[in-house]
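Novice: Sequence and predicted structure, then a few things I'm wondering about:
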Amino acid sequence: MKGLRTALAVLLILALAGCGRDLRFTVTFENARGLRPGDDVVWGENPIGRVRDVRYIPAGAFEVKAVVEERFRTAVTDQGRFLVSDRPDGPGRRLELVSLGKGGGPLESGAVVRGSTPAELFGELMGHQVRDFFDRLRQLPESEGVRELSREVERLAEEMARVGREARETLQRDVLPELERELEELKRRLRELGRQEEAEPIEIRLRELRRA
């Protein structure tokens, strides 16, 4: 009997140690959209953890306490964003992790992070794509840079026509200013060559998107 108790104690210690390596954190949302304890935490389509608790707090927000299994901890970094999304296989919700980019610092247990809405996340993803584009653009000759920037502006125009009002306003607020700043830099380079008029069609198109 003593040997059995010892074995059970060892198993309990191992189980608790395993739990200790899981990543436990809190995500705050203005609207939890029906998320419930026991719902999945997913990365891509892979379940990586679960929602432990959902509670409304007096500050006018929801706290979502979640746990991610130890083997998936490296997927959760400060380059990740959390949002509440619909389950693809039926009714219900899930807490979804979306990575904005590679790298980033690891999220520590006990961390409290702000959740994203779909519109906010869309704006951030577009912003990262635009900044990657700028890194390439700066390596191009001026004439090729004008063509590439014009294509990028038209790509943004297509996205703005496709998405809903909230996402469109996010793009106007967060992404358009970056394009406008990059256009100013390109115009400066063109002025040095006496070719600033090449950027005028892009400038007109950006003003149109501001009013869209």
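Specialist: It's in.

Novice: Parallel or antiparallel, which strands does the top strand by length along the chain pair with?
Specialist: Taking DSSP state E as the criterion, the chain has its longest strand at strand 46-57. Strands that pair with strand 46-57, judged by DSSP bridges, come out as strand 40-43 (antiparallel), strand 61-68 (antiparallel).

Novice: Ramachandran angles for Gln79?
Specialist: phi -90, psi 0 (degrees, to the nearest 10).

Novice: what about the nearest residue to it once chain neighbours are set aside, which SS state?
Specialist: Once flanking residues are discounted, Gln79 sits nearest to Gly104: 3.3 Å by CB to CB, 6 or more residues apart in numbering. For every residue, glycine as well, the C-beta is placed using N, CA and C. Taking DSSP: H, G, I helix; E, B strand; the rest coil as the rule, one finds Gly104 in the coil state.

Novice: Which parts of this protein are helices?
Specialist: Applying DSSP state H to the chain gives helices spanning 2-20, 118-137, 142-162, 165-174, 176-192, 200-211.

Novice: Figure out which of the ones you listed is closest to Arg93.
Specialist: helix 118-137 (12.7 Å; CB to CB).

Novice: quick one: buried residues of that closest one?
Specialist: Within helix 118-137, the residues that count as buried by 16 or more other CB atoms under 10 Å are 118-127, 129-130, 133-134, 137.

Novice: That helix packs against which elements?
Specialist: strand 80-86, helix 142-162, helix 165-174, helix 176-192 (3 or more CB pairs under 8 Å, 6 or more residues apart in numbering; DSSP states H and E).

Novice: low-scoring stretches of the chain, by residue?
Specialist: 1-20 (pLDDT under 70).

Novice: Excluding covalently adjacent residues, which one is nearest to Leu193?
Specialist: Distances taken as CB to CB, 6+ apart place Glu142 nearest to Leu193, at 6.4 Å, with adjacent residues excluded.

Novice: let me fix that: Arg81
Specialist: Leaving aside its sequence neighbours, Arg81 sits nearest to Ser116 (CB to CB, 6+ apart; 4.6 Å).

Novice: Return the set of residues that bridge with the spatially closest residue to Trp43 that is not a sequence neighbour.
Specialist: Using CB to CB, 6+ apart and skipping the chain neighbours, the partner closest in space to Trp43 is Leu97 (4.5 Å). Leu97 has the following beta-bridge partners by DSSP bridges: Trp43, Phe82.

Novice: pretty sure Leu97 contacts Thr77?
Specialist: No - the criterion here is CB atoms under 8 Å, and Leu97 misses it with Thr77 at 9.7 Å.
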